[in-house]
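Okay, here's the prediction I keep looking at, along with the sequence it came from:
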Amino acid sequence: SQQGEEDPQALSIQEGENATMNCSYKTSINNLQWYRQNSGRGLVHLILIRSNEREKHSGRLRVTLDTSKKSSSLLITASRAADTASYFCAFSYGNNRLAFGKGNQVVVIP
Amino acid sequence: DTAVSQTPKYLVTQMGNDKSIKCEQNLGHDTMYWYKQDSKKFLKIMFSYNNKELIINETVPNRFSPKSPDKAHLNLHINSLELGDSAVYFCASSQDIGSGNTIYFGEGSWLTVV
């Protein structure tokens, strides 16, 4: 299976703290994306990092990619209650194949 | 305007029934998908269509039959529903099948088979 794994799978933090999630995969990838899923909703794209990139920023989000370790991390700085959601990595491999990780549940306590 | 819309949002039905979920996207995208999310939130692709043509068909039972009348619509028909089919089904679309494209998801259809 090419299934990605996120670590940790559940995270509870206080508002204002940083939240870090990791994702690992097993194959060579073309790029890796992170998505957010609010409870009862569809997934929303957050950020994409290409295989030749090591770090990318978007607002309070910071994504890193280490292709040698086949892993990526998503950092949310200065978390807010509205950041409470599940976060999924999705990696593209092979001929436009895309696989999603199992997801991290993040709870930000006001 | 909802970019990817799917109906119904909730569906409760008995084992053995046949049901359909409809999906439409107004983004002008060429590629559409059906994903299944189980109770553990594991998201798995079922089908992918590009310009009405099937390009990905994962190991899904043939009780599941997608139909794409045009590139803006991708419906999912399920025959002889089983308890294990209970899940959330997400329709999605992307500009094309390129690997760097953002995937836009619908709000999901909660299917419960009793």
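Good, I have the coordinates. It should be emphasised that the depicted structure is a prediction, and the values quoted were computed from it without experimental measurement. Residues are numbered from 1 along each chain as shown, chains lettered A, B, ... in the order given.

burial of residue 34, as a residue count?
By default, I'm working from chain A. Residue A:34 has 27 neighbouring residues, counting by other CB atoms under 10 Å in any protein chain shown. In this view, the C-beta of every residue, glycine as well, is placed from N, C-alpha and C.

meant chain B actually
Per other CB under 10 Å, the neighbour tally for residue B:34 reads 26.

show me what contacts it?
For residue B:34, the contacting residues are B:23, B:45, B:46, B:47, B:66, B:74, B:76, B:89, B:90, B:91, B:92, by CB atoms under 8 Å, 6 or more residues apart in numbering or on different chains.

Residue A:82 should be in a helix, yeah?
Yes. Checked against DSSP: H, G, I helix; E, B strand; the rest coil, residue A:82 lies within a helix.

Restricted to strands, list the contacts of residue B:34.
Among the contacts of residue B:34, the members falling in strands (DSSP state E) are B:23, B:45, B:46, B:47, B:66, B:74, B:76, B:89, B:90, B:91, B:92.

Closest to residue A:66 out of those?
Residue A:66 lies nearest to residue B:45 out of the ones in strands among the contacts of residue B:34, by CB to CB, at 25.4 Å.

what pairs with the closest one across the strands?
Counting by DSSP bridges, residue B:45 forms beta bridges with residue B:35.

what's the burial count for it?
Using other CB under 10 Å, residue B:45 has 20 neighbouring residues.

next one: the one 3 residues further on
Neighbour count for residue B:48, taken as other CB under 10 Å: 24.

isn't it right next to residue B:31, touching?
Yes. At 6.5 Å, residue B:48 counts as touching residue B:31 under the criterion of CB atoms under 8 Å.

which residues do these two both contact?
Contacts common to residue B:48 and residue B:31, judged by CB under 8 Å, 6+ apart, are B:55, B:97.

can you list the residues of chain B near chain A?
Contact residues, chain B versus chain A (CB under 8 Å from any CB of the partner chain): B:4, B:35, B:40-45, B:56, B:90, B:92, B:97-100, B:102-108.

Low-confidence ranges, chain A, go.
A:1-8 (pLDDT under 70).

let's go with 80 and repeat that
A:1-9, A:95-96 (pLDDT under 80).

tell me the helices in chain B, going along the chain?
Using DSSP state H, no helices are found in chain B.

Since that was my last question, I'll sign off now.
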